[in-house]
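>>> sequence-free structure coming up:
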């Protein structure tokens with residue numbers, strides 16, 4: 001084995017690739033972003049995810065907020081600098097300040113999501129059980145945090161966050177989706193929510209639901225186009241349903257039965273179901 005010859009081949013492959021292979025610029029640190037998410041979770045739900053015992057609330061919050069601010073600012077600056085965005089340092093500082101300022105609002109939204117989950121799931125024995133152990137709620141938490149950064153044009157970091165939740169829970173929520181209050185995900189596994197999806201308030205989703213694009217064949221030419229459905233307030237979508245297309249609207253209080261395949265809009269209050277399949281028993 002000739003290491004030098006193999007190294008020459010690798011170096012040539014680096015140079016010929018149209019994808020950045022070697023750069024003096026640093027990408028954001030995945031491990032640090034995960035650690036920051038853990039700290040935000042501890043900040044929002046201290047009794048569950050921190051060692052704080054009988055701590056003075058303001059002092060506890062101030063300490064964690066300060067840590068989150070400085071650390072997220074560094075990761076945002078790395079992301080902006082890697083993309084060669086001008087004034088990365090100033091922009092990162094501004095975005096980090098806005099991000100931290102939004103966390104009290106995110107806390108209030110998540111409390112509403114806890115209530116929605118408790119009301120929607122008869123198996124939920126307590127609020128505490130939902131916060132501490134429900135994968136759907138964890139995915140919502142990560143989405144709401146990542147969405148703040150997505151809205152401010154931060155590259156890399158929101159997707160790193162959302163893919164962490166995807167890997168841990170099986171719930172794939174693009175950070176670009178727009179999701180209202182009192183959002184409930186039951187079971188969670190296999191749910192996909194695309195980037196341009198719009199979801200109203202008091203919506204319930206069950207496992208295996210896809211809110212996707214009708215056809216991704218045109219690739220990057222569809223970037224920025226509304227290609228995922230809109231789900232209005234109060235809608236319920238049961239397991240295995242696929243709802244596709246940017247012009248598809250699921251009306252207010254509509255109920256979509258399991259395994260439905262929908263590419264056209266559904267009226268307010270409608271109930272959609274799939275004809276019962278015939279069983280063949282031999």
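Done, it's in. In this text the structure is predicted, and so the values were computed from the model without any measurement. Numbers count the residues shown, from 1 in each chain.

>>> Run through the helices of the stretch 1-150 of the chain in chain order.
Secondary structure of the stretch 1-150 of the chain, counting by DSSP state H, counting those that start in this stretch: helices at 3-16, 30-44, 46-49, 57-82, 88-120, 127-133, 135-151.

>>> Redo those helices as a markdown table? Include distance to residue 170, mean neighbour count and mean pLDDT.
C-beta here means a position set from N, CA and C on the backbone, and glycine is covered the same way. Putting the helices of the stretch 1-150 of the chain into a markdown table (distance: least, CB to CB, whole Å; neighbours: other CB atoms under 10 Å; pLDDT from 0 to 100) gives the following:
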| stretch | distance to residue 170 | mean neighbour count | mean pLDDT |
| --- | --- | --- | --- |
| helix 3-16 | 35 | 10 | 89 |
| helix 30-44 | 18 | 17 | 96 |
| helix 46-49 | 21 | 14 | 85 |
| helix 57-82 | 26 | 17 | 94 |
| helix 88-120 | 17 | 17 | 97 |
| helix 127-133 | 15 | 15 | 95 |
| helix 135-151 | 7 | 23 | 98 |
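
>>> So for residue 211, which of those sits nearest?
Across those, residue 211 has its closest neighbour in helix 135-151 (12.9 Å, CB to CB).

>>> Next, the angle helix 30-44 makes with that closest one.
110 degrees (axes from the mean of the first three to the mean of the last three CA atoms, to 10 degrees).

>>> And the helix or strand just after helix 135-151, what does it pack against?
Toward the C-terminal end, the helix or strand that comes next after helix 135-151 (DSSP states H and E) is helix 157-169. Judged by 3 or more CB pairs under 8 Å, 6 or more residues apart in numbering; DSSP states H and E, helix 157-169 is in contact with helix 30-44, helix 57-82, helix 135-151, strand 172-173.

>>> returning to that earlier point: could the helices of the stretch 1-150 of the chain go into CSV alongside distance to residue 193?
CSV is the format used below for the helices of the stretch 1-150 of the chain (distance: least, CB to CB, whole Å):
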stretch, distance to residue 193
helix 3-16, 36
helix 30-44, 19
helix 46-49, 24
helix 57-82, 23
helix 88-120, 14
helix 127-133, 19
helix 135-151, 8
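
>>> Which among these is found nearest to residue 212?
Judged by CB to CB, the one of those that comes nearest to residue 212 is helix 135-151, at 16.3 Å.

>>> From the chain's centroid, how far away is that closest one?
Averaging C-alpha positions (CA atoms, centre = their mean, to the nearest Å) puts helix 135-151 4 Å from its chain's average.

>>> just stretch 160-169 next, same as before
8 Å.

>>> Other residues contacting it?
Residues from elsewhere that reach stretch 160-169, judged by CB atoms under 8 Å, 6 or more residues apart in numbering: 28, 30, 33-34, 37, 135-136, 138-139, 141-143, 145-146, 149, 171-175, 188-189.

>>> check contacts around the residue nearest the centre of the chain.
Nearest to the mean C-alpha position of the chain, by CA atoms, centre = their mean, lies residue 143 at 3.1 Å. Contact partners of residue 143, counting by CB under 8 Å, 6+ apart, are 162, 165, 173, 175, 177, 179.

>>> Would you quantify the distance from it to residue 41?
Distance, residue 143 to residue 41, by CB to CB, to the nearest Å: 13 Å.

>>> try residue 259
As judged by CB to CB, residue 259 and residue 41 stand 34 Å apart.

>>> Over to residue 134?
13 Å.

>>> coming back round to it: would you mind putting the helices and strands packed on helix 157-169 into a markdown table with distance to residue 113 alongside?
As requested, those are arranged in a markdown table below (distance: least, CB to CB, whole Å):
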| stretch | distance to residue 113 |
| --- | --- |
| helix 30-44 | 11 |
| helix 57-82 | 20 |
| helix 135-151 | 5 |
| strand 172-173 | 12 |
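
>>> mind checking which of these is nearest residue 116?
helix 135-151 (9.4 Å).

>>> Give me the angle between the closest one and helix 88-120.
Put simply, helix 135-151 runs at 150 degrees to helix 88-120, going by the same axes, to 10 degrees.

>>> Contact partners for the nearest residue to residue 83 once chain neighbours are set aside?
Leaving aside its sequence neighbours, residue 83 sits nearest to residue 155 (CB to CB, 6 or more residues apart in numbering; 5.2 Å). Residue 155 sits next to 79, 80, 82, 83 when contact means CB under 8 Å, 6+ apart.

>>> Quick check, pLDDT for residue 155.
Looking at residue 155, its pLDDT is 96.
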